[in-house]
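Next one to model:
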Amino acid sequence: MNNDFTFTIKSICFDESYRPSDNTRITTNFANLARGARRQQNLRDALRMINNRFNALAHWDNAKGDRYSVELEIISVDVDIEGKGQTFPTIEMLKTNIVDHHTEQRIDGIVGNNFSSYVRDYDFSVLLPNHNKNQTQFSIPDNFGDLHGKLFKSFVKSDSFKENFTKPPVICLSVSDNKTYQRTGNQHPVLGVEYEPSGPSLTEHYFQKMSLQVRYFMPANSAAPLAFYFVGDLLNDYSNLELIGTISTMETFQKIYRPEIYNANAVAGKCYQPNLNNLDHSLTQIVYDREERSQLASEQGKFAEQHFIKPHQRLLEQWAANYA
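This is a model prediction of the structure:
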């Protein structure tokens, strides 16, 4: 197997003092919060929401609901594909750490949670629209997501990943608004009630290329299911506190970015179709520019094309073809 790319991991605290660095993808959920006049209040409010939700879910031996707090790190991954020390930003994720104020312990949480990447922006905002430009029926290009999937798998198998993390990533996303979800009889003490989608989505197909499978769960007192992408056994490979760290963090972000679904005033029923035009929802006090974010995804896709895909096309194709 040809796996010569070198990955470098950098981490920065996501707290109320956080300011995005110049090379952070500004479409990233957390970076978008940390901009503008209300940046510090935004961050403070989001972190408070995360801690409150964590304590509500981890309610045992926690009478006052203040036993735990969550500390977040932004994990940025750069790749050097030529071995000359020139890197390109590939992946950005979040790592949760849980502080138990009763035992004074700091507990490792899950890496993943939020997921963003320039190459994914390229695939969805440049490659896919160009492929469908003159088509009467929507289709996906051959090998769509192959390069991105192999870069991700190569990173997770790398020494850099193994030196920094003990368990594979879990990525937690919003449900798709063009699918229907059916409640099953399966229930987990932390993840909640399991749902099954009416059919596979393009996101599922894309994440399969990264060797990630998906299950949909709606935790207690949530308005809608969340999509959990993982390797292995989601229910048994991670502790309750690890899972609660991911739920509380990502549900908070979804309440801010997808209030129509995750801050809806009516809870998902047995058969559920998410609706981004749902007017019966509440807004958080946190300021967020959703329109700007979708424009930036396109800009960043073009950036990836210009600085990574086109200059290294031959090398990337060769590497992907040899990657087993």
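
Not counting its own residues, what contacts stretch 142-155?
Outside stretch 142-155, the residues that touch it by Cβ atoms under 8 Å, 6 or more residues apart in numbering are 3, 5, 7, 77, 79, 90-91, 117, 119-120, 123, 127-128, 161, 205-206, 208-211, 316, 319-320, 323. In this view, the C-beta of every residue, glycine as well, is placed from N, C-alpha and C.

Wait, L235 touches H188, no?
Yes. In this structure, L235 is within contact of H188 by Cβ atoms under 8 Å, at 6.0 Å.

Helices - which of the contacts of stretch 142-155 land there?
119-120, 128, 161, 205-206, 208, 316, 319-320 (DSSP state H).

Now, of those, which are buried?
Among the ones in helices among the contacts of stretch 142-155, those classed as buried by neighbour count (16 or more other Cβ atoms under 10 Å) are 119-120, 128, 161, 206, 316, 319-320.

Show me which of those residues is closest to S139.
The nearest member of those to S139, counting by Cβ to Cβ, is L128 at 9.5 Å.

And the closest residue to the closest one other than its chain neighbours, how close does it get to Y216?
For L128, ignoring the flanking residues on the chain, the nearest one in space by Cβ to Cβ, 6 or more residues apart in numbering is I140 at 6.8 Å. As judged by Cβ to Cβ, to the nearest Å, I140 and Y216 stand 22 Å apart.

likewise T96?
According to Cβ to Cβ, T96 stands 20 Å off from Y216.

Y262 touches E251, doesn't it?
Yes. With contact defined as Cβ under 8 Å, Y262 and E251 form a contacting pair (6.3 Å).

Between these two, which contacts overlap?
Going by Cβ under 8 Å, 6+ apart, residues that sit against Y262 and also against E251 are S222.

Sketch out the helices for the stretch 151-300 of the chain, chain order is fine.
159-164, 202-208, 234-237, 240-257, 259-262, 290-304 (DSSP state H, counting those that start in this stretch).

Which of those helices sits closest to R106?
helix 240-257 (11.6 Å).

quick one: buried residues of the closest one?
Residues 241-257 are the ones in helix 240-257 that count as buried (16+ other Cβ under 10 Å).

which regions of the stretch 1-150 of the chain sit below the pLDDT cut-off?
1-3, 17-39 (pLDDT under 70).

now with 90?
1-4, 12-46, 82-86, 90, 116, 129-142 (pLDDT under 90).

what's the answer for the stretch 201-324 of the chain, then?
Ranges of the stretch 201-324 of the chain meeting pLDDT under 90: 201, 256-259, 275-300, 322-324.

Could you measure from the residue lying closest to Q86 once chain neighbours are set aside over to L315?
Once flanking residues are discounted, Q86 sits nearest to D80: 6.4 Å by Cβ to Cβ, 6+ apart. Distance of D80 to L315, given as Cβ to Cβ: 12 Å.

before we move on, what about P259?
Counting by Cβ to Cβ, the gap from P259 to L315 is 43 Å.
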